[in-house]
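**Q** the following block contains a protein sequence and its predicted model.
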Amino acid sequence: MEDSYEKRGYLLEDFRLFHLKDDRGTDVGYHYHEFHKLVFLLSGSGGYVIEGRRYALQPGDIVLVGALSVHKPEFAQGQPYERVILYLSPEFLQQNSDESFPLEDAFSGERGHVLRAGTEFRRGFLALLLGLEKELAGDAPGRVIASRCLLVRAIVELARELRRGGNELPGPVAPRDGKILEILRYLDENLTADISIDELAARFYISKYHMMRRFREEAGISIHTYLSDKRLLLARELIGNGESATGACFACGFKSYSAFSRAYGKLFGATPTGRGQTASEMPAEDNMVE
């Protein structure tokens, strides 16, 4: 796997739905999307790693991956599993929210990345997803309107269930080396600070070479790339909110604008002041799945 996160897929519509069943497993590196992703695991077992935290899944679990969240699925080859995958544009959720009930909150991770709800909710939620699948596959008059209504209803029910509480929100499985989880949290909480490998090793009382090796084994990339890519994602968000490229560069912990610009272009395929990729420059559509 290349030592970098990859943006996979693109979404030109408000949403897309996939209903898949296979035993091919997943051979997908760490990546992110510019849209939200929901995965309803119907059968089989495996896991998801989201923002450096690994979740063990069981049938009925609903995985919620927010836009720009670094993640990867982990399902073994030869083990059948079935899932419904929804991709949702942030704009669609914003347009169908109100101030008291923002639908994007369901993908914030604040209430967890995995929902393990009761049987009644799972059945009702699955019925909405399968109804949405049927509408999208058909040609009945008003199918577009019906599809949008079913989707909004499904996300509203999901957000209500998350707010209701009383559900099990599975916590992440601790890494084999617990210090790596501590280091990941420390990096996330001090993203813009001046952090060196030597200082990080000293802070956590660990050999820097052992730390670097174990971090790569657990997170899939180096500490330097993890920190750089997370800073670049933050910088892109700041720029999208009106901050200048120069301001975002130094606000996110970069010391050199030229180095920042090169890294930004390598990760996003555009300069900090330029336009984003066009559809023709983006990965093929089949890269969206998973």
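**A** Structure received.
**Q** tell me the buried residues in the helix or strand where L267 lies?
**A** Secondary structure from DSSP states H and E places L267 in helix 257-268. Buried residues in helix 257-268, counting neighbours by 16 or more other CB atoms under 10 Å, are found at F260, S261, A263, Y264, L267, F268. Where you see a C-beta, it was placed from the backbone N, CA and C, and this is true even at glycine.
**Q** try stretch 38-45
**A** Applying 16+ other CB under 10 Å to stretch 38-45 flags L38, V39, F40, L41, L42, G44 as buried.
**Q** my guess is the first one contacts V63. True?
**A** Right, L38. Yes. With contact defined as CB atoms under 8 Å, L38 counts as touching V63 (7.0 Å).
**Q** and the longest helix along the chain, how far out from the chain middle?
**A** For the chain, the helix with the greatest residue count under DSSP state H is helix 143-164. Distance, stretch centre to chain centre, for helix 143-164: 20 Å (CA atoms, centre = their mean, to the nearest Å).
**Q** what average pLDDT does it get?
**A** Helix 143-164 carries an average pLDDT of 94.
**Q** just stretch 113-131 next, same as before
**A** Stretch 113-131 carries an average pLDDT of 94.
**Q** pull the CA atoms of that stretch into CSV?
**A** What follows is stretch 113-131, C-alpha atoms only, in CSV (Å, rounded to 0.1, in the frame of the first residue of the first chain):
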residue,chain,number,x,y,z
HIS,A,113,-19.1,5.4,14.6
VAL,A,114,-21.1,2.1,15.0
LEU,A,115,-24.7,1.8,16.1
ARG,A,116,-25.9,-1.6,17.5
ALA,A,117,-29.6,-1.0,17.9
GLY,A,118,-32.5,-3.2,18.9
THR,A,119,-34.3,-5.7,16.7
GLU,A,120,-37.3,-3.5,16.1
PHE,A,121,-35.3,-0.5,14.9
ARG,A,122,-33.1,-2.7,12.7
ARG,A,123,-36.1,-4.2,11.0
GLY,A,124,-37.8,-0.8,10.4
PHE,A,125,-34.6,0.8,9.1
LEU,A,126,-33.8,-2.1,6.8
ALA,A,127,-37.3,-1.9,5.4
LEU,A,128,-36.7,1.8,4.5
LEU,A,129,-33.4,0.9,2.8
LEU,A,130,-34.9,-1.9,0.8
GLY,A,131,-37.9,0.3,-0.1
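**Q** what does it rub up against?
**A** 17, 40, 42, 48, 50-51, 53, 55, 57-58, 60-65, 84, 86, 150, 153-154, 157-158, 161-162, 167-170 (CB atoms under 8 Å, 6 or more residues apart in numbering).
**Q** what comes up buried for that stretch?
**A** Neighbour counts over stretch 113-131 (16+ other CB under 10 Å) mark H113, V114, L115, A117, F121, R122, F125, L126, L128, L129, G131 as buried.
**Q** ok, now stretch 92-105?
**A** F92, L93, N96, S97, L103, E104, D105.
**Q** per the annotation, how does the chain divide into domains?
**A** For the chain, automatic domain parsing gives the domain ranges 6-172, 178-281.
**Q** nearest to E290, of the ones you listed?
**A** Closest to E290 of the domains of the chain, according to CB to CB: domain 6-172, at 5.2 Å.
**Q** tell me how far the closest one is from the chain's mean position?
**A** 10 Å.
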